[in-house]
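> sequence first, predicted model second:
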Amino acid sequence: MQFSNFQEFIEMGGYAFNVWSVYGMFLIFLTVNLYGPLRKNRQIIRNLKRRYALNAQIPSRSASADTQRPTGSETTEEESA
């Protein structure tokens, strides 16, 4: 389709609303699909850094919990092996 001037291009042969609304929806779709995962990735990294910082501050209790066993606990064959 050829246009003789810019105004005809904007009007799109009488279908301007349909054509430009589709372009607008495509831009919105593209923006959401590009920005959404980037935002989620930043959020995940931020949460992992926060958890790492919290875990670094808390002393490890797992080593002391493994060596101490409550009295009266029964051991299974797997634990005694």
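Good, I have the coordinates.

> Phe3 versus the residue nearest the centre of the chain, what's the distance?
Taking CA atoms, centre = their mean as the criterion, Lys40 is the residue nearest the geometric centre of the chain, at 2.6 Å. With distances taken as CB to CB, to the nearest Å, Lys40 is found 42 Å from Phe3. No exception for glycine: its C-beta is placed from N, CA and C like everyone else's.

> swap in Phe26?
Look at Phe26 and Phe3: by CB to CB, they are 21 Å apart.

> where does pLDDT dip in this structure?
Residues of the chain that meet the criterion pLDDT under 70 lie in 1, 60-81.

> quick check: longest helix of it.
Once the chain is assigned using DSSP state H, the helix that runs over the most residues is helix 16-57.

> so how far is it off the chain centroid?
Offset of helix 16-57 from its chain centre (CA atoms, centre = their mean, to the nearest Å): 7 Å.

> what count of nearby residues applies to Glu11?
Burial measure for Glu11: 14 neighbouring residues, criterion other CB atoms under 10 Å.

> wait, what's in contact with Gln43?
Contacts were defined as CB atoms under 8 Å, 6 or more residues apart in numbering; by that measure Gln43 touches no other residue.
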